[in-house]
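**Student:** With the input below, show me the fold.
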Amino acid sequence: MAIQVFGLSLDPSMCRLHIDDDSDAAHIPLYDYQTVDTIDFKQNNTNLCLKLGQALKENNLLLYILSDREPNSLELVVDQSMTLTDLWNLIKQELHMDNNDNEYHLCEVKTSLINDGPPLNDFDQTLLVNGLTNGAQLIMQSGSVAPRNHVRLKVFRIINKYYKPNEASTNEFCIMMKCP
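**Tutor:** Sure, this is the predicted structure:
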């Protein structure tokens, strides 16, 4: 444990050890269970940095969430087996959003400057199934997204509606629409 090595009097559950270099991995903290031989040191002059924040246990993920709401960024330590729906509800709670507010969706921030990843929409699956890893950066973007394997349609104008009884005694309603 880093605190014992450095002789500091801090609560060990409230600090994290990070590799301090200029790479993209610099913001990803090390897990509590990691040993020195599992750390990817860059040459022989890697610096380690002790930062405040919840310590990471074996099944935890540290996620950074960027938003246009206050606070502008969140840092959440969550269980990797949490569903995307549960994460979304936790984010709404932390940002004091209405639970029914579906005017945003989450995308993973990619390192390329071109654009962010596709919207995360496999709501009933775990964060791991959704491809999230420790240190992932997510951004809240305007607009809602349909769940995985669903399509969201936007009706431009209803031209005509009619009712047609189905032979299997199920009612079928048809709407003719014109899309932009």
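**Student:** Could I get the pLDDT score of the spatially closest residue to Y33 that is not a sequence neighbour?
**Tutor:** Excluding its sequence neighbours, the residue lying closest to Y33 (C-beta to C-beta, 6 or more residues apart in numbering) is E58, at 5.3 Å. Just so you know, the C-beta spots here come from the backbone N, C-alpha and C atoms, and that holds for glycine as well. Model confidence at E58, expressed as pLDDT, equals 87.
**Student:** residues touching E58, list them.
**Tutor:** 31-33 (C-beta atoms under 8 Å, 6 or more residues apart in numbering).
**Student:** List only buried entries from the residues you listed.
**Tutor:** Among the contacts of E58, those scoring as buried are 31-32 (criterion: 16 or more other C-beta atoms under 10 Å).
**Student:** Tell me the one among the contacts of E58 nearest to P119.
**Tutor:** Using C-beta to C-beta, Y31 comes nearest to P119 of these, at 28.6 Å.
**Student:** Assign a three-state SS to that closest one, would you?
**Tutor:** coil (DSSP: H, G, I helix; E, B strand; the rest coil).
**Student:** State the pLDDT value of it.
**Tutor:** 77.
**Student:** Who are the contact partners of it?
**Tutor:** Contacts of Y31 by C-beta under 8 Å, 6+ apart are 56-58, 60, 134.
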